[in-house]
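Colleague: got a sequence here, can you build the structure:
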Amino acid sequence: MGYNLDETVTLKEDSMTKLIEQALKTATQTRGIEFGQGVLDKTGSLFTRLFPGKKALVIADENTFKACGEPVLASLQAAGVELADQPKIFPGSPTLYADYDTTSVVREYARPFDAIICSIGSGTLNDHAKLASHELGREYLNVCTAASVDGFAAFGASISRDGFKITRDCAAPAGLVMDIDVLCQAPLRLTATGYGDLIEKVPAGADWILADELGIEPIDEYVWSLVQGPLLDSLADPDGCRAGKAEAIAKLGEGQIMSGLAMQAHNSSRPASGAGHQFSHTWEMEGHGLDWEPPLTHGFKVGIGTIASCALWQEFLRLDVNDFDVERAEAAVKTPEYLEARVRGCFDPIIAEQAVKHVLNKRVEGAQLRARIDLLKEKWPTIKERCSSQLLDPQDVWNRLKAVGAPYHPEMIKIDWDRFRTTYFKAQMIRSRYTILDILTDLGILDQMVYRLFGPKGFWGQHRHAE
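Modeller: The predicted structure is shown next:
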């Protein structure tokens, strides 16, 4: 495809670049970012500013090194940064896998050297460098090669171990370089997956509004503004992203950086992750698509989860306060023993241990349940207004994902109908975060709402197959 690398991005004075500068002031781990067109040559100066006197260890794969490896090396050399060893370059094919064995290779490669890893890559390589550096007690710098994830500036690495992919605790990069010209040359698949990852922030915002109104988790207005302020602008041009237009991809990349910095400021992924992400996390924990070539990306799964979440929100917001029946909710409360058995029947034992804790911790009954439902009734007009303004129609999300070149139906990522329907229930079990899945569970109507979605008049009933 033809990318317009001569296009110059003009950002307004109050653009997201200014927001990145402001967000850096409240980031707890990232200390420097170079963002814009032609910023690869600033890699060396950023490295010396963040890690004065330190040597560098460059890590890439054949694809990412081809994308910008030589300019990065030239910039490091020009800034007087010495390489501790020759660059560690992994094969470009098959696609580098986000497994702990590879993280261990990176860690043991770096261990003998008193040096800082400078990774060149998108999600997977960044995560390997992130976790390996964390285990060595070091900071690191990443040079982004695609606008493929929102995790560039976020803490945590999504790494598979013993067949299960979960997020491992580790610090965000101390430094980040995102050159728009490089992003525009990335494969369409990677740009599309980044769009799918970012768009879930829309229903995630509604989930946070719900938790805020119910007194469960208050919204931090500053952190909210970091993600939600630029979000719709970042998502405004899926066609432009697909066509490789620099301005569209610049906005997408900025939105991804802002998301990661917001998570740092809040010390939580709440600002960037809601029920839609929990669909993806469920499938990742089950190992779905991890053995494909190339592996099924996080953002492709999240995109489907976003439609699933928005469709459920659409059904929920059609309800009236009279639909919130306290007696029905109380009758639907399951015993802890029942819930534990149900969770263990859904997941592998390793996953089930944490899922049982989440489900039991979120379980409410008696006076606490009645108080929650009474508050929901009281706040329903406000919740309905705020969330309706926040959300996108599921068909709109479908159309945007289709436009950007991402999957927009579960069958496109080989999730069959029964498994997809079941994921609405599994996704509620795997996180402690309160979302739409939890309020419907508290009300005792999650099964009813899912039944509606898949019925003849429901969103999924009317979208049985991809177009």
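Colleague: tally of neighbours for the closest residue in space to residue 411 that isn't next to it in sequence?
Modeller: Nearest non-adjacent residue to residue 411, counting by C-beta to C-beta, 6 or more residues apart in numbering: residue 466, 5.9 Å away. Every residue, glycine included, has its C-beta placed from N, CA and C. The tally of other residues near residue 466 (other C-beta atoms under 10 Å) stands at 12.
Colleague: next one: residue 397
Modeller: With other C-beta under 10 Å as criterion, residue 397 counts 27.
Colleague: all strands of the stretch 101-250 of the chain, in order?
Modeller: 115-120, 140-144, 157-161, 164-168, 175-179 (DSSP state E, counting those that start in this stretch).
Colleague: ranking those strands by mean pLDDT, which is last?
Modeller: Note on the strands of the stretch 101-250 of the chain: strand 164-168 shows the lowest mean pLDDT, a mean of 76.
Colleague: what is that strand packed up against?
Modeller: For strand 164-168, the packing partners by 3 or more C-beta pairs under 8 Å, 6 or more residues apart in numbering; DSSP states H and E come out as strand 157-161, helix 275-285.
Colleague: turn these into TSV, including mean neighbour count.
Modeller: Shown next, in TSV, are the helices and strands packed on strand 164-168 (neighbours: other C-beta atoms under 10 Å):
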stretch	mean neighbour count
strand 157-161	21
helix 275-285	27
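Colleague: need these in TSV with distance to residue 210, can you?
Modeller: Output for the helices and strands packed on strand 164-168, formatted as TSV (distance: least, C-beta to C-beta, whole Å):
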stretch	distance to residue 210
strand 157-161	26
helix 275-285	10
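Colleague: list the contacts of the residue nearest to residue 455 when sequence neighbours are not counted.
Modeller: Leaving aside its chain neighbours, residue 455 sits nearest to residue 461 (4.9 Å; criterion: C-beta to C-beta, 6+ apart). Neighbour list for residue 461: 453-455 [criterion: C-beta atoms under 8 Å, 6 or more residues apart in numbering].
Colleague: for residue 461, which three-state class applies?
Modeller: coil (DSSP: H, G, I helix; E, B strand; the rest coil).
Colleague: for it, give its distance to residue 333.
Modeller: 29 Å (C-beta to C-beta, to the nearest Å).
Colleague: tell me the mean pLDDT over the helix or strand hosting residue 367?
Modeller: Assigned by DSSP states H and E, residue 367 belongs to helix 366-390. For helix 366-390, the mean pLDDT works out to 99.
Colleague: tell me the helix or strand right after it.
Modeller: Using DSSP H and E, the first helix or strand after helix 366-390 is helix 394-404.
Colleague: give me the buried positions along the next helix or strand after that next one.
Modeller: Sequence order places helix 417-429 as the next helix or strand after helix 394-404, per DSSP H and E. By neighbour count on 16 or more other C-beta atoms under 10 Å, the buried set for helix 417-429 is 420-421, 423-429.
Colleague: make a markdown table from those and add distance to residue 63 and pLDDT to it.
Modeller: A markdown table is the format used below for those (distance: C-beta to C-beta, whole Å; pLDDT from 0 to 100):
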| residue | distance to residue 63 | pLDDT |
| --- | --- | --- |
| 420 | 32 | 99 |
| 421 | 37 | 99 |
| 423 | 32 | 99 |
| 424 | 36 | 99 |
| 425 | 38 | 98 |
| 426 | 34 | 98 |
| 427 | 32 | 98 |
| 428 | 38 | 98 |
| 429 | 37 | 97 |
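Colleague: where's whatever residue is furthest in space from the centre of the chain relative to residue 397, distance?
Modeller: For the chain, the C-alpha farthest from the mean C-alpha position belongs to residue 327; by C-alpha atoms, centre = their mean, that distance is 37.3 Å. Distance of residue 327 to residue 397, computed by C-beta to C-beta: 35 Å.
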